[in-house]
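>>> Take this sequence and fold it.
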Amino acid sequence: MLVSSQRILVTGGAGFVGRSIIWRLQQTHPDWDIFSYDKVLPDFDRKYNPSLDISKVTWLEGDITDLSAVESALAKSKATVVIHTAGLVPPLAYRYSRRIEPTVHHINVVGTQVMLQASRNSHFVQAFVWTGSVCAVIDDVRYQYPCINETWRTTSRNSTIYGESKAKAEVLVLRANDPLGTQADRRGKPFLTTALRPSVLFGPEDYQLIPSIQACIAKNEIPYIIGDGFNLWDVTDVRNVAHAHVLAVENLLSSSPTAAGEAILFGNGCPIPFRDFCCYIWSHWNAYPTWQIHIPVGVAAVIAGISGFFSSIFGLHTTFSKGSVYDAVAVRYVDGKKAELILGYKPIIDLEEALHESCLEYKKRLESKDVDSQATVKKVAKGEKTTA
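Numbering: from 1, shown residues only. Below you'll find the predicted structure:
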């Protein structure tokens, strides 16, 4: 049975995933005290998810890589649970290169290390739920990943900088699991950790996946199909991701936690051909390919290589690269059995409903010009404040 009163600290609470987790916590445990720890505060004048009450959250400002600041936030909040979701997902222009590798490593790996250290040293924190990613496994573009489970190995140096950072951070999280409370002078108080690996994220207020695919319309790219177009992908609505996090918290706080020390893959429970996924998004803008042409993967890779070469000469950032080509034809979906068995996870939003709502929300943002900046990484690299 869960203790009725819990104090939850969500890192990155002003960001895309963090806000959704707070929303789900408010839905399922309205009596819990919620704290957000982020480099920025939310825009209090902006209308987020209407059922998210930001006035009932205590907003703490600070950097996840600053140990003293994190310790101060934990002391102020007296958090019993930390949900560490803050991190950096490189925009597409940076995803397949190593230009910002130090920044990604510092935020995703060092930041996780700092959060773990401060949480272990806290007298209050009992559980630590970490937002990992399926990219810890699937980001090596040399391979296909059909119906993967947790027995698949995490990525190597042949992965992207994001996948590598998530794989390294996950090791830290799982090693920190301490059911007997023997580490960092816990004095017998358990410190339980789990790593959640959602598949590629989207949802209302998404600033990467839906916008990047919608942008293909203006670039007249929708008639072109790389490969056969039948490769299956997993995508997960952010509200389902939030749901899984709450289930993980409940599990770790239960009398018999089964998620402790585990990495858990999950998706939306409905793999979809990548081409179909794109076409469904385009249809919300009444964009339909009047003709189609298949481009062999090898030919597309050569074109992308040439494009990347000239982009590097002229100092341009391109989203069309060998990595993006291999991503577009990849088979990547999870079986999700462990999430269902251990957490009792089942999606609360099905794929069609999630896609429809996400596209409608993005249309409203475009119409109001309230779109998230694609310069997120540049801001972080310069030390400027940005949501996690």
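
>>> now residue 48: how far from residue 241?
16 Å (Cβ to Cβ, to the nearest Å). For glycine as for every other residue, the C-beta is placed from the backbone atoms N, C-alpha and C.

>>> the more surrounded of those two?
Legend: neighbour count by other Cβ atoms under 10 Å for residue 48 and residue 241, higher for residue 241 (26 against 18).

>>> any idea which element the more buried one lies in?
Assigned by DSSP states H and E, residue 241 falls within helix 238-252.

>>> which helices and strands sit right next to that helix?
helix 16-28, strand 81-84, strand 127-131, strand 192-198, strand 200-202, strand 263-266 (3 or more Cβ pairs under 8 Å, 6 or more residues apart in numbering; DSSP states H and E).

>>> what's in contact with the longest one?
Helix 16-28 is contacted by residues 8, 10-13, 32, 34, 36, 38, 42, 48-49, 51-53, 56-57, 83, 85-86, 131, 201, 203, 205-207, 238-239, 241-243, 245-246, 387-388 when judged by Cβ atoms under 8 Å, 6 or more residues apart in numbering.

>>> Go ahead and confirm residue 153 touches residue 137.
Yes: counting by Cβ atoms under 8 Å, residue 153 touches residue 137, with 7.3 Å between them.

>>> ok, the two, which is more surrounded?
Neighbours were tallied for residue 153 and for residue 137 using other Cβ under 10 Å; the higher tally belongs to residue 137 (27 against 9).

>>> re earlier: can you tell me which of the contacts of helix 16-28 are classed as buried?
Buried members of the contacts of helix 16-28, scored by 16 or more other Cβ atoms under 10 Å, are 8, 10-13, 32, 34, 36, 38, 42, 48-49, 52, 57, 83, 85-86, 131, 201, 203, 205-207, 238-239, 241-243, 245-246, 387-388.

>>> Residue ranges in this structure under the pLDDT threshold?
In the predicted model of the chain, residues 1-4, 308-312, 314-319, 370-388 satisfy pLDDT under 70.

>>> just the helices in the stretch 101-250 of the chain please.
101-105, 111-121, 135-138, 161-175, 209-218, 238-252 (DSSP state H, counting those that start in this stretch).

>>> pull the CA atoms of the second one into PDB?
To tie it back to what came earlier, the one meant is helix 111-121. Output in PDB follows, covering the C-alpha atoms of helix 111-121 (Å, rounded to 0.1, in the frame of the first residue of the first chain):
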ATOM      1  CA  GLY A 111      23.600  15.800 -14.800                       C
ATOM      2  CA  THR A 112      22.300  12.300 -14.000                       C
ATOM      3  CA  GLN A 113      25.300  11.500 -11.900                       C
ATOM      4  CA  VAL A 114      24.800  14.700  -9.800                       C
ATOM      5  CA  MET A 115      21.100  14.000  -9.300                       C
ATOM      6  CA  LEU A 116      21.900  10.500  -8.100                       C
ATOM      7  CA  GLN A 117      24.600  11.700  -5.700                       C
ATOM      8  CA  ALA A 118      22.400  14.400  -4.200                       C
ATOM      9  CA  SER A 119      19.400  12.000  -4.000                       C
ATOM     10  CA  ARG A 120      21.500   9.300  -2.300                       C
ATOM     11  CA  ASN A 121      22.800  11.800   0.200                       C
END
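
>>> How many residues are close by the residue nearest to residue 324 when sequence neighbours are not counted?
The shortest distance from residue 324 to any non-neighbouring residue, by Cβ to Cβ, 6 or more residues apart in numbering, is to residue 96 (6.4 Å). A total of 25 residues lie near residue 96 under the criterion other Cβ under 10 Å.

>>> do the same with residue 336
Neighbour number of residue 336 under other Cβ under 10 Å is 23.

>>> what separates it from residue 290, distance-wise?
37 Å.

>>> Tell me which stretches of the stretch 201-350 of the chain form strands.
224-226, 232-233, 235-237, 263-266, 272-273, 293-295, 332-334 (DSSP state E, counting those that start in this stretch).

>>> Which among the ones you listed is found nearest to residue 100?
Closest of those to residue 100 is strand 332-334, at 23.3 Å (criterion: Cβ to Cβ).

>>> packing partners for the closest one?
strand 145-148, strand 232-233.

>>> Dihedrals phi and psi, residue 60?
The phi/psi pair for residue 60 (degrees, to the nearest 10) reads phi -110, psi 130.

>>> Surely it and residue 40 touch.
No: judged on Cβ under 8 Å, residue 60 makes no contact with residue 40 at a distance of 11.2 Å.

>>> more crowded one of those two?
More crowded of residue 60 and residue 40, by other Cβ under 10 Å: residue 60, with 20 against 15.

>>> Many thanks, I have nothing further to ask.
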